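Novice: below are the sequence and a predicted model for it; my questions follow.
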Amino acid sequence: MVLAGVSRFDVPVVPDAPDAREWLLEELSKPEYTAARPSLFDQLSQAFFDWLMRLFQPGASVPLDWLPVAIAGLVVAGLVTALLIWGLPRVNRRSRTSTGLFSDDDRRTAAELRSAAAAAASAGDWTLAVLEQFRAIARGLAERTIVRASPGTTAHDFTARASATFPRFSDELAQAAEIFDRVRYLGEEGSSEDFDRLRVLDGRLQKESPVGFEQVGAGSSA
């Protein structure tokens, strides 16, 4: 008896172990087998659900192999919920402060800033005294319409513009900006020497006439 499709002259081939393994791998690598293979997500999901089912089996002890994964999942879920409710955390208080000399709602006059600086100095708060005294210098020149100090103006921006109209005080102005930045942004403590230096500079600038303003006025009236 001859089977259909098989010649009586065909000799059956019996592969050895290496050939059989190679044929099996070639067969399993075909697209139809690859598509049917469960993905990593499928395997993890199945393992997680198996772990959950073991929790509800009567008399079964709590499986601990997936416990760290479950705890990590709860932590991640909590963090995501917190971010959705409160947003990203701020780095620190310093990052929330304005990068300029004045905050948006600071409308104090130069006289008020000088009084605040003197009060801080009397209380021994040299850091606040230095900051307020430098702001008094900036506000004083702004009130004289010499240098405009907006909320976004930095200490170095201000002193660079002020030096153009007070060239004799360019060095003192640059040192004043360094003091302000060192105290406010680098976290250093102000000192009585720093405060006195700024206070003296403020007094001298109040008595000084800016260079070029007389010529500009004369030219505009001609």
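Specialist: On my side now, so go ahead. Given the structure is predicted, the values throughout are model-derived calculations rather than measurements.

Novice: any idea which helix or strand in the protein has the lowest mean pLDDT?
Specialist: Among the helices and strands of the chain, helix 213-221 carries the lowest confidence by mean pLDDT, DSSP states H and E, at a mean of 38.

Novice: residue 173: what's its closest spatial neighbour, skipping adjacent residues?
Specialist: Once flanking residues are discounted, residue 173 sits nearest to residue 159: 4.0 Å by C-beta to C-beta, 6 or more residues apart in numbering. Yep, even glycine has a C-beta here, placed from its N, CA and C like the rest.

Novice: list the contacts for the nearest residue to residue 154 once chain neighbours are set aside?
Specialist: Nearest non-adjacent residue to residue 154, counting by C-beta to C-beta, 6+ apart: residue 100, 5.9 Å away. Counting by C-beta atoms under 8 Å, 6 or more residues apart in numbering, residue 100 touches 150-154.

Novice: ok, 10 Å please
Specialist: 106, 138, 149-155, 157-158 (C-beta atoms under 10 Å, 6 or more residues apart in numbering).

Novice: ok, which stretches of the protein are helices?
Specialist: 17-28, 31-36, 40-55, 67-86, 93-96, 110-122, 126-143, 155-165, 170-184, 192-207, 213-221 (DSSP state H).

Novice: distance of the residue nearest to residue 173 relative to residue 77?
Specialist: 51 Å (C-beta to C-beta, to the nearest Å).

Novice: neighbour-wise, which of the two wins?
Specialist: residue 159 (25 against 10; other C-beta atoms under 10 Å).

Novice: quick one, what contacts the more buried one?
Specialist: Residue 159 neighbours (C-beta under 10 Å, 6+ apart): 134, 137-138, 147, 166, 169-170, 172-178, 180.

Novice: measure residue 204 to residue 128 for me?
Specialist: Relative to residue 128, residue 204 is positioned 23 Å away (C-beta to C-beta).

Novice: who's more crowded, these two?
Specialist: residue 128 (18 against 13).

Novice: contact partners for the nearest residue to the more buried one once chain neighbours are set aside?
Specialist: Spatial nearest neighbour of residue 128, chain neighbours left out: residue 120 (4.0 Å); criterion: C-beta to C-beta, 6+ apart. By C-beta under 10 Å, 6+ apart, the contact list for residue 120 reads 126-133, 190, 195.

Novice: and these, which is closest to residue 115?
Specialist: Residue 115 has its nearest neighbour among the contacts of residue 120 in residue 132, at 8.8 Å by C-beta to C-beta.

Novice: state the number of residues packed around the closest one.
Specialist: Neighbours of residue 132 (other C-beta under 10 Å): 23.
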